[in-house]
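**Q** Need coordinates for the following:
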Amino acid sequence: MTLSLGIMQIKNIIILLLIIPGLNSCVEKFWPEVNEYENVIVVDGLLTSGDDPGEVKLSVSSSINDGELIPFSGASLYILDDQQIETLLIETDPGIYRISDPSFRAIIGASYQLHILLPNGSRLESDICQMNAPTPIDSVYWLAEKQENFSYNHLIEGIRFYIDNHNDNSDTCYYLWKLIQTYEYRSTFSIDFTWEGAFIPNPNPDSLRTCWRTSTVSNIYTFSTKRLDKPVIKDFPLNYVSTQRKELSIRYSLLVKQLSISEKSFNYWDELREQNSNQGNFYSRQPYQMKGNIYNVNNPEQLVLGYFTVAGITEKRIFVRRPVLKYYYVICEPDFKSMRFLQYEPPRYWPIYIVEVVGGAKAMATLELCFDCREEGGSLTRPDFW
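**A** Numbering: from 1, shown residues only. Reported below is the predicted structural model:
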């Protein structure tokens, strides 16, 4: 399988531009010029040993204040291996480039280099990166935990995921984990009637009620077993899911992608992780440039952001049915007062959704998401793995 850096992580790169050179060096107080970080090419690429083709995302940074990325289209990309074989990537969506040959499989121990030709003639290249062997995941599990939340005067309940692994390959000791979460949830109300100048019974009241939403967990998780007596990872904490939202309300799934990466890749991702986790420190939020492994061949001094990661990959998926916890997500209340004005609503607002509550009374809702689960970002399509 392939995956790539999440949008939130890319925004963090643009906002932070990251890394204080030298973890043991002193921090000099200064206000750097940040205008140079606008209109910078950002490369977000990953090639793995899995079955899915590789993917590279190209974008252009906007201002530091905006923190947005603009997809970059029209580039020509290929991956060159150590046998001088070129594998082309094609643009499948704006700024998204995927390997065109579905039979392509990266080889453990082989080396790969990303090449990018921009429409203006500039050529970008990555370092030559070796594909490490994947390491098995022994287990992924969860435990109930409570966390502080400043919006409440008490602890919030939730669950924390953990991972165990062992390593029979002494050449692999650096890890990066990418997580993709999917959860099933429901809107508060069924659509028992619609108002279109009159009450019309809905033959399928639950048609917009159940959704599934998939997203990348934005946090970065890294670890090295280099200094351990045994190359074993036990009880390593991953993401925390609280009951403030609907993630755990019905069924939740976490896909864990374990990447066996090089030492240089580890240093990049671990420094990025540390930078993001230390945002409470004033000086850690200054816009420092983080050195990636992408370069402009025509102009080596030109700034290019991002990284091309080559890694062996192992995956494991876990499902969690609604845990026995206290939940805090908002449940819509029926709006009876607005019903008296229903007949005055102009046709441009039709259809208006109506729920029938206990006793036969009809009610509206203040928000459409109370009826339509898609308004909370999900899809009505059930995932194949569900």
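**Q** Report the contact partners of residue 296.
**A** Residues near residue 296 by C-beta atoms under 8 Å, 6 or more residues apart in numbering: 122-124, 302, 304. Yep, even glycine has a C-beta here, placed from its N, CA and C like the rest.
**Q** how about a cut-off of 10 Å?
**A** 41, 116, 118, 122-125, 302-304 (C-beta atoms under 10 Å, 6 or more residues apart in numbering).
**Q** Residue 192 now?
**A** Here residue 192 is in contact with 199, 201-202, 205-206, 353-357, 362-363, 371 (criterion: C-beta under 10 Å, 6+ apart).
**Q** Save those residues as JSON lines, and put in secondary structure and distance to residue 274 too.
**A** Below are the contacts of residue 192 laid out as JSON lines (DSSP: H, G, I helix; E, B strand; the rest coil; distance: C-beta to C-beta, whole Å):
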{"residue": "199", "secondary structure": "strand", "distance to residue 274": "59"}
{"residue": "201", "secondary structure": "strand", "distance to residue 274": "58"}
{"residue": "202", "secondary structure": "coil", "distance to residue 274": "53"}
{"residue": "205", "secondary structure": "coil", "distance to residue 274": "50"}
{"residue": "206", "secondary structure": "coil", "distance to residue 274": "46"}
{"residue": "353", "secondary structure": "strand", "distance to residue 274": "48"}
{"residue": "354", "secondary structure": "strand", "distance to residue 274": "52"}
{"residue": "355", "secondary structure": "strand", "distance to residue 274": "49"}
{"residue": "356", "secondary structure": "strand", "distance to residue 274": "54"}
{"residue": "357", "secondary structure": "coil", "distance to residue 274": "52"}
{"residue": "362", "secondary structure": "strand", "distance to residue 274": "55"}
{"residue": "363", "secondary structure": "strand", "distance to residue 274": "51"}
{"residue": "371", "secondary structure": "coil", "distance to residue 274": "44"}
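**Q** quick one on the thing from earlier: looking at the contacts of residue 296, state which has the most neighbours.
**A** residue 116 (26 neighbours; other C-beta atoms under 10 Å).
**Q** Doesn't residue 338 belong to a helix?
**A** Yes - remark: residue 338 belongs to a helix, assigned using DSSP: H, G, I helix; E, B strand; the rest coil.
**Q** That one contacts residue 363, correct?
**A** Yes - with contact defined as C-beta atoms under 10 Å, residue 338 reaches residue 363; the gap is 8.4 Å.
**Q** can you point me to the longest helix in the chain?
**A** helix 263-277 (DSSP state H).
**Q** Could you give me the buried positions within it?
**A** Neighbour counts over helix 263-277 (16 or more other C-beta atoms under 10 Å) mark 265-276 as buried.
**Q** what about the stretch 201-350 of the chain, any weak spots by pLDDT?
**A** Residue ranges of the stretch 201-350 of the chain with pLDDT under 70: 278-289.
**Q** residue closest to the middle of the protein?
**A** Nearest residue to the geometric centre of the chain (C-alpha atoms, centre = their mean): residue 216, 2.4 Å.
**Q** ok, how many other residues are close to residue 120?
**A** Residue 120 has 7 nearby residues by other C-beta under 10 Å.
**Q** so what pLDDT did it get?
**A** With respect to pLDDT, residue 120 scores 93.
**Q** secondary structure class for it?
**A** Once three-state DSSP is applied, residue 120 turns out coil.
**Q** who's in contact with it?
**A** Residues near residue 120 by C-beta under 10 Å, 6+ apart: 74, 298.
**Q** so when I look at residue 213, I'm seeing a helix, right?
**A** No - assigned with three-state DSSP, residue 213 falls outside any helix and is strand.
**Q** Is there a neighbour count for the nearest residue to it once chain neighbours are set aside? I'd like the number.
**A** Nearest residue to residue 213 in three dimensions, chain neighbours excluded: residue 378, at 3.7 Å (C-beta to C-beta, 6 or more residues apart in numbering). As a burial measure, residue 378 scores 22 neighbours (other C-beta under 10 Å).
**Q** how near is residue 378 to residue 263?
**A** The gap separating residue 378 from residue 263 is 39 Å, by C-beta to C-beta, to the nearest Å.
**Q** Does residue 247 lie in a helix or a strand, and which?
**A** According to DSSP states H and E, residue 247 maps onto no helix or strand at all.
**Q** what's the burial count for the residue lying closest to it once chain neighbours are set aside?
**A** Distance criterion C-beta to C-beta, 6+ apart; nearest residue to residue 247, sequence neighbours excluded, is residue 183 at 4.6 Å. Residues near residue 183, counting by other C-beta under 10 Å, number 22.
**Q** hang on, the earlier thing: how close does the residue nearest to residue 213 get to residue 184?
**A** 8 Å.
**Q** any common contacting residues for the two?
**A** With C-beta under 10 Å, 6+ apart as the test, residue 378 and residue 184 both reach 210-213, 246.
**Q** Of those, which count as buried by neighbour count?
**A** 211-213, 246.
**Q** Of the shared contacts of residue 378 and residue 184, just say which sits nearest to residue 239.
**A** residue 213 (15.1 Å; C-beta to C-beta).
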